[in-house]
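how does the following fold in three dimensions:
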Amino acid sequence: MTVFILRRVFQALLVLAITSLVVFLGVYAIGDPLEILLSSDATMAERAQVAASLNLDQPLPVQYWTFLTSALQGDFGRSFVYNRPALEVIFERLPATLELVTTALFLSLFLGIPLGLWAGTRPGSLSDESIMTGSILGFSLPNFWQGMMLIMIFSVWLGWLPSTGRGETGTILGVRTSYATWDGFTHLLMPATNLALAQVALVIRLTRTGVQETMPLDFVKYARARGLGEGRILFVHVLKTILIPIVTVLGIEFGSLIAFAVVTETIFAWPGVGKLIIDSINMLDRPVVVAYILVIVTMFILINFLVDVLYSALDPRIRGRAQ
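Numbering: from 1, shown residues only. You can find the predicted model right below:
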């Protein structure tokens, strides 16, 4: 087990190092931040002074080495726009994104599991075909189009929900959250639904497939022979079995949702890291862009590492194949 974990840690560090190099070169090869940060009538002396203060006057390898040594100490540089540590700017916006993503995951489970159970227990029926057709639409329709339609229907036509912003937040157990106020909750509902639609479709398909694969198994037949009702069999025995792959997939999808919440946050003006990265790209705020990408990659690596370790603990065969 120790060898397996060390191997995974080494692989994670290698991926992170390669990613940092690729991201740094890709971001720093695009544009000149001085063109945005300074006015067009700035003198050469002013440009040189600002370039020196931002370490932009050094050769690219020197800039990367400075960035790498500082990043290993938790310093990803200062934002060109906010004049604050880039990591601080990201962590300031991260709670709003985590709130949005967590709500989207809850909605995907709340809607996807019941619909998947219904479709899985009635294969070939009209309800099964309708649910599966809806899941295809959830995968196929562009996220930005779904968001605009939600705004058009629930904000413009019906006037039920606000279209943009996070709304008023409150404090629950010392954490600022939109759940603490009705205004904040109404602002959260529509962007979370937009982000959850594709995940609902995924959960429906995983649940339906799991039900159809589990129902013919011997332990289900034995439960029926004992006289247990279909509801108890489905919600106690079958559901407990099929939840393992669903939770595993959604755990990995959690990182994807954080990374791909950019579109939803931009459409609904949600003040999370997704909107921050779009603004930073437009302003060529390189430290924030690099720090954001590395934070997201680190989250992906940690989630996958934890899944690998958990699986290896549950099934030693996986540990043996990986060594």
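
low pLDDT regions in the chain?
1-5, 28-41, 50, 54-56, 307-323 (pLDDT under 70).

tell me where the longest helix sits in it.
helix 86-120 (DSSP state H).

all helices for the stretch 1-150 of the chain, in order.
Counting by DSSP state H, counting those that start in this stretch, the stretch 1-150 of the chain has these helices, from start to end: 2-28, 33-37, 44-53, 60-71, 86-120, 126-140, 143-150.

give the buried residues for the last one.
Neighbour-count burial for helix 143-150, counted by 16 or more other CB atoms under 10 Å, picks out 143, 146-147, 150. For glycine as for every other residue, the C-beta is placed from the backbone atoms N, C-alpha and C.

the fourth one now?
If you call a residue buried by 16+ other CB under 10 Å, then helix 60-71 has these buried ones: 63-64, 67, 71.

what packs against it?
Applying 3 or more CB pairs under 8 Å, 6 or more residues apart in numbering; DSSP states H and E, we find helix 60-71 packed against helix 2-28.

quick one on the thing from earlier: closest to R208 out of the helices of the stretch 1-150 of the chain?
helix 86-120 (4.2 Å; CB to CB).

distance from the closest one to the middle of the chain?
8 Å (CA atoms, centre = their mean, to the nearest Å).

report the angle between that helix and helix 126-140.
160 degrees (axes from the mean of the first three to the mean of the last three CA atoms, to 10 degrees).

now do the buried residues in helix 86-120.
For helix 86-120, by 16+ other CB under 10 Å, it's 86-87, 89-90, 93-101, 103-105, 107-109, 111-113, 115-120.

report all helices and strands that that helix contacts.
Counting by 3+ CB pairs under 8 Å, 6+ apart, helix 86-120 packs on helix 126-140, strand 175-177, helix 182-214, helix 239-259, helix 262-267, helix 273-282, helix 286-314.

repeat that with 7 Å
In terms of contacts (3 or more CB pairs under 7 Å, 6 or more residues apart in numbering; DSSP states H and E), helix 86-120 is packed against helix 126-140, helix 182-214, helix 239-259, helix 273-282, helix 286-314.

need the ones you listed in a markdown table (columns: mean neighbour count and distance to L25).
Below are the helices and strands packed on helix 86-120 laid out as a markdown table (neighbours: other CB atoms under 10 Å; distance: least, CB to CB, whole Å):
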| stretch | mean neighbour count | distance to L25 |
| --- | --- | --- |
| helix 126-140 | 14 | 34 |
| helix 182-214 | 22 | 31 |
| helix 239-259 | 17 | 20 |
| helix 273-282 | 20 | 16 |
| helix 286-314 | 19 | 10 |
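
how much space between L239 and V203?
Distance from L239 to V203, counting by CB to CB, to the nearest Å: 12 Å.

should've said I278
I278 is 28 Å from V203, by CB to CB.

same question, G184
In terms of CB to CB, G184 sits 26 Å off from V203.

what do you get for A196?
Counting by CB to CB - A196 and V203 are separated by 9 Å.

ditto for R7
32 Å.

again with Q146
From Q146 to V203 the distance is 17 Å (CB to CB).

check F76 too.
35 Å.

before we move on, what about L234?
16 Å.

same deal with Q11?
Q11 is 29 Å from V203, by CB to CB.

so what's T97 up against?
258, 261, 272-274 (CB atoms under 7 Å, 6 or more residues apart in numbering).

hmm, try it at 8 Å
258, 261, 265, 270, 272-274 (CB atoms under 8 Å, 6 or more residues apart in numbering).

format these as CSV; extra columns: distance to T209.
What follows is those, written out as CSV (distance: CB to CB, whole Å):
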residue, distance to T209
I258, 26
A261, 27
E265, 31
W270, 33
G272, 32
V273, 33
G274, 31
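
right, and out of these, which lies closest to V27?
So of those, ranked by how close each gets to V27 (CB to CB), first place is V273, at 15.9 Å.

that closest one reaches Y292, doesn't it?
Yes: look at V273 against Y292 with CB atoms under 8 Å: they come within range, at 6.2 Å.

give the residues shared as contacts by these two.
The contact lists of V273 and Y292 share I90, where a contact means CB under 8 Å, 6+ apart.

A180 versus K275, what's the distance?
Counting by CB to CB - K275 and A180 are separated by 21 Å.

please disregard the earlier target; I meant T241.
Using CB to CB, we find T241 at a distance of 37 Å from A180.

and what of E265?
20 Å.
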